[in-house]
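Asks: fold the following for me, if possible:
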Amino acid sequence: MELQKMGGETVTEMLNGTLPDSDKAAVLEDGYEEEERTLAEQEEFLPHIASKKLNQFTDYEGKTSFGMSVFNLSNAIMGSGILGLAYAMRNTGIILFVVLLISIALLSAYSIHLLLKCAGVVGIRAYEQLGLRAFGHGGKVVAGVVISIHNIGAMSSYLFIVKSELPLVIQTFLGLSGSNGEWYMNGNVLIIIVTVCVILPLAMMKHLGYLGYTSGLSLTCMFFFLISVIYKKFEILCPLNETHSEKPTIYYNGHNVTDEVCAAEFFTVNSQTAYAIPILAFAFVCHPEVLPIYTELRRASKRQMQNVANVSILAMFSMYLLTAIFGYLTFYGSVEAEMLHTYIRVDAADKLVLCVRLAVLVAVTLTVPVVLFPIRRAIHQLLFHKKDFSWLRHVIIASCLLIIVNLLVIFVPNIKDIFGVIGATSAPSLIFILPSIFYIRIIPNEKEPLLSRSKIQAACFATLGFVFMVMSLSFIIVDWVTTGKSNGVGH
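Replies: Next comes the predicted model:
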């Protein structure tokens, strides 16, 4: 460089004012060029530092495609609660149900937006690490425990469906009139076989992205369920158990009630309406899976992951809405809390209904490994955060979790009561409360002041979560006290 060539004499001459103006210009020009080169090198170097910081909490370079990520997140959203949506519509009416479903879908998308924004600011893609960043070790523990409790409850609800439905499906396939104590008709034995032969091998996968194919198969089964519900609407006549075209006239206390039984309600409120709101709210719980899926997304960015979430929520919203409408318009006031049971009342030997029950069994079975991943990740973050990956530990954690879930399903008689309380506390925490308070704590006040619109919205969102939690617990307790019977809500 010219400045270096001239050395100390040139600098001295500049300071003393004895250097000619033309030489001064040359020296200053070279100095500016050197400064620009230095800044350019810094600009090129700093992104590498930033990327290292971004990847500090990720142990895997994302390789999962957009489509597979959508399958995984959609499968995480799609829960056994889809079987109860027609019952929820029965207790709210079509208009109120649609308004509530749209509202919950939008709130869920907003909640995911808060999570992704927090993750983008601090470069963290683990729910538990967001808790650590926001509230220290206590926040990390709370996030890990809430995720574990909720997902253990969800896995147990899926295996309860296997326990209750699989023996009946086998019985129908074999043409048996009842069980004579055969081992293949024992639900407890069957869930152990399904767990060991199907769920455990899938849970051994190191990365969640590999389950995109099974998630796609699970969603295909639920899509078959939806098509069957639509088809049955035009085959089953109201009132139930009638196979001929003429509807009999039903009288009650001298009044013709046939039209009332088979008439759709557009807006209604009854003693069971309060349960419909938590059912709809919990139908979109997928937040424990969002950040693990984000971690494994190829060319991951906040915008791309938000698109994954939006597509998944929109797809599940469509399936939920169509299932609820056609299921309700098939049975009207006769629809049961578990819609498959209503079809069985009409014709237990119906081959299509049998195939639908089998498809639902496949769907919920293939969902269990996806739900298990966030629990195992939470345990890793809480207990083994500083240790490298170990296949032995990976297998042991998955096996222990599945053993716990199987024991719950087999030995706890009033599991719905427990899940009702778990669902009423963990689901609002994951959807509303934790993302909001993380956002308020993590986003710097210099970037968004505490009284900014975004943080005020997040505070209102957290308050709404507390209202949901108190309301759900109150109705469950009132139901226990007044009827002695729980209608616990599950995902």
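Asks: ok, the nearest residue to Thr64 once chain neighbours are set aside to Ala126 distance?
Replies: Computed as Cβ to Cβ, 6 or more residues apart in numbering, the closest residue to Thr64 that is not its neighbour in sequence is Gly209, at 3.1 Å. Every C-beta, even on glycine, is put in place using the N, C-alpha and C of the backbone. Between Gly209 and Ala126 the distance is 16 Å, computed by Cβ to Cβ, to the nearest Å.
Asks: swap in Ile443?
Replies: From Ile443 to Ala126 the distance is 18 Å (Cβ to Cβ).
Asks: next one: Phe160
Replies: On the measure of Cβ to Cβ, Phe160 and Ala126 end up 29 Å apart.
Asks: more neighbours, those two?
Replies: Ala126 (26 against 20; other Cβ atoms under 10 Å).
Asks: what's near enough to touch that one?
Replies: Residues in contact with Ala126 (Cβ atoms under 8 Å, 6 or more residues apart in numbering) are Phe57, Leu291, Pro292, Thr295, Arg377, Gln381.
Asks: can you check Gln306 too?
Replies: With contacts defined as Cβ under 8 Å, 6+ apart, Gln306 is in contact with Ile112, His113, Leu116.
Asks: among those residues, name the ones in helices.
Replies: Residues of the contacts of Gln306 located in helices (DSSP state H): Ile112, His113, Leu116.
Asks: of those, closest to Pro278?
Replies: Taking Cβ to Cβ as the measure, Pro278 lies nearest Ile112 of these, at 19.5 Å.
Asks: mind listing what's buried in the top helix by length along the chain?
Replies: If you go by DSSP H, the chain has its longest helix at helix 137-174. Neighbour-count burial for helix 137-174, counted by 16 or more other Cβ atoms under 10 Å, picks out 139-163, 165-172.
Asks: and the next element down the chain from it?
Replies: helix 187-194 (DSSP states H and E).
Asks: now find how far off-centre that following helix is within its chain.
Replies: Here helix 187-194 is found 26 Å from its chain centre; the criterion is Cα atoms, centre = their mean, to the nearest Å.
Asks: also stretch 68-86?
Replies: 8 Å.
Asks: buried sites along that stretch?
Replies: By neighbour count on 16+ other Cβ under 10 Å, the buried set for stretch 68-86 is 68-86.
Asks: those residues in strands, which ones?
Replies: With strands taken from DSSP state E, there is no overlap with those.
Asks: from those, which land in helices?
Replies: Met68, Ser69, Val70, Phe71, Asn72, Leu73, Ser74, Asn75, Ala76, Ile77, Leu85, Ala86.
Asks: now those residues as JSON lines including distance to Tyr213 and pLDDT?
Replies: Shown next, in JSON lines, are those (distance: Cβ to Cβ, whole Å; pLDDT from 0 to 100):
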{"residue": "Met68", "distance to Tyr213": "8", "pLDDT": "87"}
{"residue": "Ser69", "distance to Tyr213": "13", "pLDDT": "88"}
{"residue": "Val70", "distance to Tyr213": "13", "pLDDT": "90"}
{"residue": "Phe71", "distance to Tyr213": "8", "pLDDT": "88"}
{"residue": "Asn72", "distance to Tyr213": "10", "pLDDT": "86"}
{"residue": "Leu73", "distance to Tyr213": "15", "pLDDT": "90"}
{"residue": "Ser74", "distance to Tyr213": "13", "pLDDT": "89"}
{"residue": "Asn75", "distance to Tyr213": "11", "pLDDT": "86"}
{"residue": "Ala76", "distance to Tyr213": "15", "pLDDT": "84"}
{"residue": "Ile77", "distance to Tyr213": "18", "pLDDT": "86"}
{"residue": "Leu85", "distance to Tyr213": "27", "pLDDT": "86"}
{"residue": "Ala86", "distance to Tyr213": "30", "pLDDT": "88"}
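Asks: tell me which of those is nearest to Gly187?
Replies: Asn75 (23.8 Å).
Asks: what about the residue nearest to Arg125 when sequence neighbours are not counted, how many neighbours?
Replies: Spatial nearest neighbour of Arg125, excluding adjacent residues (Cβ to Cβ, 6+ apart): Thr295 at 4.4 Å. Neighbours of Thr295 under the rule other Cβ under 10 Å: 25.
Asks: quick check: phi and psi at Thr295.
Replies: phi -60, psi -40 (degrees, to the nearest 10).
Asks: so what secondary structure elements neighbour the helix or strand encompassing Met471?
Replies: Secondary structure assigned from DSSP H and E places Met471 in helix 453-483. For helix 453-483, the elements it packs on are helix 94-122, helix 273-282, helix 415-428, helix 434-442, judged by 3 or more Cβ pairs under 8 Å, 6 or more residues apart in numbering; DSSP states H and E.
Asks: which one of those lies closest to Tyr320?
Replies: Closest to Tyr320 of the helices and strands packed on helix 453-483 is helix 94-122 (Cβ to Cβ; 6.3 Å).
Asks: relative to helix 273-282, how tilted is the closest one?
Replies: Angle, helix 94-122 to helix 273-282, by axes from the mean of the first three to the mean of the last three Cα atoms, to 10 degrees: 40 degrees.
Asks: please state the offset of helix 94-122 from the chain centre?
Replies: Using Cα atoms, centre = their mean, the offset of helix 94-122 from its chain centre is 11 Å.
Asks: show me the contacts for the residue at minimal distance from the centre of the chain.
Replies: Central residue of the chain (Cα atoms, centre = their mean): Cys286, 1.0 Å from the mean position. By Cβ under 8 Å, 6+ apart, the contact list for Cys286 reads Leu73, Ala76, Ile77, Ser108, Ser312.
Asks: list just the nearest of these to Leu408.
Replies: Leu408 lies nearest to Ala76 out of those, by Cβ to Cβ, at 20.3 Å.
Asks: correct me, but the closest one touches Val371?
Replies: Yes: the criterion here is Cβ atoms under 8 Å, and Ala76 meets it with Val371 at 6.7 Å.
Asks: for the two, list the residues in contact with both.
Replies: Jointly contacting Ala76 and Val371 under the rule Cβ under 8 Å, 6+ apart are Pro288, Glu289.
Asks: give me the neighbour count for the closest residue in space to Phe71 that isn't next to it in sequence.
Replies: Spatially, and ignoring its direct neighbours in sequence, Phe71 is nearest to Ser215 (4.1 Å; Cβ to Cβ, 6+ apart). Residues near Ser215, counting by other Cβ under 10 Å, number 26.
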